[in-house]
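J.: Provided below are the primary sequence and the corresponding predicted coordinates.
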Amino acid sequence: MSDGLQVADVVVRYAGAAGPAVDGVDLAVPTGEVVALLGPSGCGKSSLLRAVAGLEPLSGGDVAWDGVSVVDVPVHRRGFGLLFQDGQLFAHRDVAGNVAYGLPERRDRAAREARVAELLDLVGLPGTQRRDVATLSGGERQRVALARALAPRPRLLLLDEPLSALDRALRERLALDLRDVLVATGTTALFVTHDQDEAFAVADRVAVMDAGRLLQVAAPGALWARPASRRVAAFLGYEAFVDVPAPGADVPTAVRALVDAARDAGVALLPAGGVLALAAGAFVVAPDLSPEASPRLAASGDAGPGVTGVVEVLRSRRGRTEVVVDVDAVGRLSALAPAGWTCAPGTRVPLRVDSAAVAGLPG
Ligand SMILES: Nc1ncnc2c1ncn2[C@@H]1O[C@H](COP(=O)(O)OP(=O)(O)OP(=O)(O)O)[C@@H](O)[C@H]1O
């Protein structure tokens with residue numbers, strides 16, 4: 001028998017809809033693990049989460065905890081906690097009143113106060129017990145909502161886009177704090193997000209969903225290095241795709257350089273018929289490879305790999321120069337350039353390959 005959450009062949013169908021919102025999903029979340037459900041808007045993430053919570057009836061399949069079906073168990077008896085985008089704090093209670101809401105009534109006052117203080121410490125809001133929740137920032141409200149959700153020690157915490165109402169900088173910080181809190185408390189969690197960075201920051205494993213189906217479930221590093229398909233890779237942010245040529249085939253310089261660099265770096269099997277997925281940064285602008293910068297190399301006819309592309313857009317991001325470059329036989333993608341480097345749009349520039357931003361996919 002497996003422990004934790006088991007979702008087996010779950011189907012969620014809304015009345016009047018053309019097809020199911022969740023279409024035969026299998027997913028296991030063992031005790032203590034944090035899994036992110038990642039996918040584009042409308043792919044069925046929230047429907048699956050709500051089905052696990054018991055807020056949405058199943059049209060097929062089963063949801064079980066520790067091998068025992070909970071399908072007939074009402075929402076509030078499942079022992080699952082819920083946290084939504086807007087933490088839905090009680091406006092008429094102060095911070096302590098909100099956090100204590102989930103604690104069993106039988107606890108004496110001192111024990112309740114100690115537990116509230118412990119939870120507020122945990123979420124980074126020590127000493128805020130008496131604050132009026134109306135005076136809290138958006139990030140602080142979500143921290144209080146998290147403390148309240150964790151108060152009864154749920155056996156599973158279900159989080160539906162809990163950070164998406166916050167601005168980017170705050171979201172990035174809270175995602176890391178959220179992971180720390182879930183790990184520190186050993187909380188088993190299923191976390192819905194449409195943001196790849198957030199999923200990678202929070203989860204032990206990421207489950208990629210599209211059109212009601214699970215496409216791939218893997219640890220963040222493995223998912224990034226070995227997306228199972230072009231669809232998964234495109235959703236993760238890979239920008240361009242190149243077919244791996246047959247051995248000995250006559251191929252354009254850029255494709256040859258990519259395949260060679262990927263092979264040298266041990267990028268997972270590159271069968272002919274496979275595909276290379278290129279993330280931003282797969283090409284790096286290399287001014288030192290230009291004939292002007294290396295007249296001796298140019299004279300010898302060995303001016304580096306000879307890959308070039310035409311710069312279409314330049315932008316400065318966090319002190320670095322990024323460009324959009326059009327590479328012959330590959331297409332447009334984002335490339336990095338040395339700090340402070342610049343050129344006029346339309347300039348053809350030398351490029352080198354960074355195999356760390358290249359993944360191999362089955363064809
Ligand atoms: N109560 C409902 N009644 C009818 N259709 C619904 C209902 N809730 C969701 N849907 C539909 O089911 C599909 C999946 O929606 P769901 O909210 O689960 O996706 P999601 O991936 O969570 O999207 P988002 O990130 O935008 O919230 C969508 O086509 C949506 O329009």
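T.: Now that the structure is in, tell me what you want to look at. Numbers count the residues shown, from 1 in each chain.

J.: what about the helices in the stretch 101-250 of the chain?
T.: Using DSSP state H, counting those that start in this stretch, the helices of the stretch 101-250 of the chain run over 109-122, 138-150, 168-184, 196-202, 220-225, 230-236.

J.: who are the packing partners of the fifth one?
T.: Pointing back at helix 220-225 there. Secondary structure elements in contact with helix 220-225, counted by 3 or more CB pairs under 8 Å, 6 or more residues apart in numbering; DSSP states H and E, are helix 196-202, strand 205-210, helix 230-236. Yep, even glycine has a C-beta here, placed from its N, CA and C like the rest.

J.: comparing those, which comes out most buried?
T.: Comparing these on average neighbours per residue, with mean count of other CB atoms under 10 Å, the densest one is strand 205-210 at a mean of 24.

J.: give me the pLDDT for the closest residue to residue 214 other than its chain neighbours.
T.: Leaving aside its chain neighbours, residue 214 sits nearest to residue 25 (5.2 Å; criterion: CB to CB, 6 or more residues apart in numbering). We have a pLDDT of 98 for residue 25.

J.: neighbours around residue 25, how many?
T.: Neighbourhood size, residue 25 [other CB atoms under 10 Å]: 23.

J.: tell me the angle whatever helix or strand it lives in makes with strand 205-210.
T.: Element membership of residue 25, judged by DSSP states H and E, is strand 22-29. Relative orientation of strand 22-29 with respect to strand 205-210: 180 degrees, computed using axes from the mean of the first three to the mean of the last three CA atoms, to 10 degrees.

J.: same for strand 22-29, what does it pack against?
T.: Contacting strand 22-29 under the criterion 3+ CB pairs under 8 Å, 6+ apart are the following elements: strand 5-12, helix 45-53, strand 60-65, strand 213-218.

J.: so for stretch 48-64, mean pLDDT?
T.: According to the model, stretch 48-64 has a mean pLDDT of 97.

J.: quick check: buried residues in that stretch?
T.: For stretch 48-64, the buried set under the neighbour-count rule, 16 or more other CB atoms under 10 Å, comprises 48, 49, 50, 51, 52, 53, 54, 56, 58, 61, 63, 64.

J.: how about the nearest residue to the first one, chain neighbours excluded?
T.: In this case it means residue 48. Nearest non-adjacent residue to residue 48, counting by CB to CB, 6+ apart: residue 22, 4.8 Å away.

J.: check the fifth one too.
T.: Using CB to CB, 6+ apart and skipping residues adjacent in sequence, the residue nearest residue 52 is residue 63, 5.4 Å away.

J.: quick check: the gap between that neighbour and the ligand.
T.: Look at residue 63 and the ligand: by CB to the nearest ligand atom, to the nearest Å, they are 15 Å apart.

J.: list the contacts for that residue?
T.: Contact partners of residue 63, counting by CB atoms under 8 Å, 6 or more residues apart in numbering, are 5, 6, 7, 8, 10, 51, 52, 54, 69, 70, 71.
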